[in-house]
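Visitor: model the following, please.
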Amino acid sequence: MVKIKVDLWKTSMHLAEIGIKKKEELMSKSRRFTKDMDIIGRVKIDKKDYGYVAYRKALWDSKDLIEKRLAIRLFSNDIDYLGAIDENIGRAIVLSMVNEDPSPAFVITLPGTKIIYTIERLRPRFAETDTYLMTYISDKGNLKPILIRSKRLALGSDWKVTDLYTDKEIAKVDGKILDIGGEWEIKTNISDEDLWRSLILFAATLKFYDDNKEKLKKIVDMLKKKKEIKLSKTDLSLFYNPRVRR
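Guide: Sure thing, here's the model as predicted:
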């Protein structure tokens with residue numbers, strides 16, 4: 001059993017970004033560590049330091065609801081890029097309208113693979129729990145749809161990760177909210193490190209769970225009045241046809 005701890009701090013003013021490890025040094029180690037990036041948490045696997053969780057603070061702090069987007073990165077202890085989860089605003093808007101409830105949508109990109117994984121909030125009929133569908137594809141090209149279900153509709157709840165083909169539980173994400181921080185422990189018998197990283201990134205989004213749903217509600221309300229919303233260039237890029245040369 002692998003145990004992964006995702007510890008999100010109450011504040012980004014942490015030793016990882018002050019003192020010896022200044023932001024300029026972190027930026028020099030990885031081009032993925034941008035100027036607006038703030039480290040917000042630590043990841044440990046079986047009690048050993050694995051890396052850091054960071055997010056693009058300027059994007060999330062934007063006053064423009066369409067520009068306000070969650071972009072989280074996972075880095076190693078040496079600030080090597082290990083993966084990213086980015087909010088797909090266009091897809092989230094569509095799902096929110098269909099589900100008649102704010103429904104975040106994300107894409108996960110990992111180094112070494114050209115495949116993008118998606119995680120989208122569903123609203124199955126008569127559902128009493130929050131449910132996300134993760135479209136995961138193994139390194140051999142095998143499709144593995146995964147359901148991530150909470151045990152109750154509340155931030156900080158425990159989540160069960162299930163293989164949709166077999167209906168067998170493959171992981172747990174146990175959450176504990178600590179003021180404005182949070183702590184999640186992922187337990188799994190699966191040895192696939194790409195899956196570990198995907199679940200780490202998903203757990204990190206839960207820190208922003210309520211605020212993100214409130215943002216989507218405002219966007220949908222705005223859309224009902226304006227009847228049209230123009231996506232940002234970044235959000236449009238998530239829909240680009242990879243076969244068309246740009």
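Visitor: going forward, measure contacts between C-alpha atoms and count neighbours the same way
Guide: Will do.
Visitor: which helices and strands does the longest helix along the chain pack with?
Guide: In the chain, taking DSSP state H as the definition, the longest helix is helix 209-226. Packing partners of helix 209-226 (3 or more CA pairs under 8 Å, 6 or more residues apart in numbering; DSSP states H and E): helix 89-99.
Visitor: okay, now the unreliable bits of the protein?
Guide: Residue ranges of the chain with pLDDT under 70: 10-21, 124-128, 152-156, 177-181, 227, 242-246.
Visitor: all strands in it, in order from the N-terminus.
Guide: Using DSSP state E, the strands of the chain run over residues 2-8, 37-45, 48-56, 71-76, 81-87, 105-109, 117-122, 131-137, 143-150, 159-163, 168-176, 182-188.
Visitor: one step back: in the longest helix of the chain, what's buried?
Guide: Judged by neighbour count (16 or more other CA atoms under 10 Å), helix 209-226 contains these buried residues: 212-213, 215-217, 219-220.
Visitor: and of these, the nearest to Phe75?
Guide: Closest to Phe75 out of those is Asn212 (23.0 Å), distances taken as CA to CA.
Visitor: spatially nearest residue to the closest one, not counting backbone neighbours?
Guide: Closest residue to Asn212 apart from its sequence neighbours, by CA to CA, 6 or more residues apart in numbering: Pro104 at 7.3 Å.
Visitor: quick one: that neighbour from Phe75, how far?
Guide: Taking CA to CA, to the nearest Å as the measure, Pro104 falls 23 Å from Phe75.
Visitor: quick one: which of these two has more around it?
Guide: Shown here are Pro104 and Phe75; by other CA atoms under 10 Å, Pro104 has more neighbours (26 against 22).
Visitor: give the contact list for that one.
Guide: Residues counted as contacts of Pro104 (CA atoms under 8 Å, 6 or more residues apart in numbering) are 87-89, 92, 95-96, 120-121, 212-213, 216.
Visitor: could I get the residues you listed in CSV, plus columns for distance to Ser232?
Guide: Converted to CSV, the contacts of Pro104 look like this (distance: CA to CA, whole Å):
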residue, distance to Ser232
Glu87, 12
Asn88, 11
Ile89, 9
Ala92, 14
Leu95, 18
Ser96, 18
Glu120, 20
Arg121, 22
Asn212, 17
Lys213, 19
Leu216, 15
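Visitor: most neighbours among these, please name it.
Guide: Ile89 (27 neighbours).
Visitor: ok, the residue nearest to that residue when sequence neighbours are not counted to Asp86 distance?
Guide: Spatially, and ignoring its direct neighbours in sequence, Ile89 is nearest to Asp235 (6.4 Å; CA to CA, 6+ apart). Distance, Asp235 to Asp86, by CA to CA: 9 Å.
Visitor: could you do Thr234 as well?
Guide: To Asp86, Thr234 is 10 Å away according to CA to CA.
Visitor: so between the two, which is more surrounded?
Guide: Asp86 (23 against 13).
Visitor: doesn't Ser157 make contact with Thr129?
Guide: No - counting by CA atoms under 8 Å, Thr129 sits too far from Ser157 to count as a contact (10.1 Å).
Visitor: more neighbours, those two?
Guide: More crowded of Thr129 and Ser157, by other CA under 10 Å: Ser157, with 18 against 15.
Visitor: what sits against that one?
Guide: Taking CA under 8 Å, 6+ apart, we find Ser157 in contact with 150-151, 174-176.
Visitor: what subset of these is buried?
Guide: Neighbour counting with 16+ other CA under 10 Å marks 150, 174-175 as buried within those.
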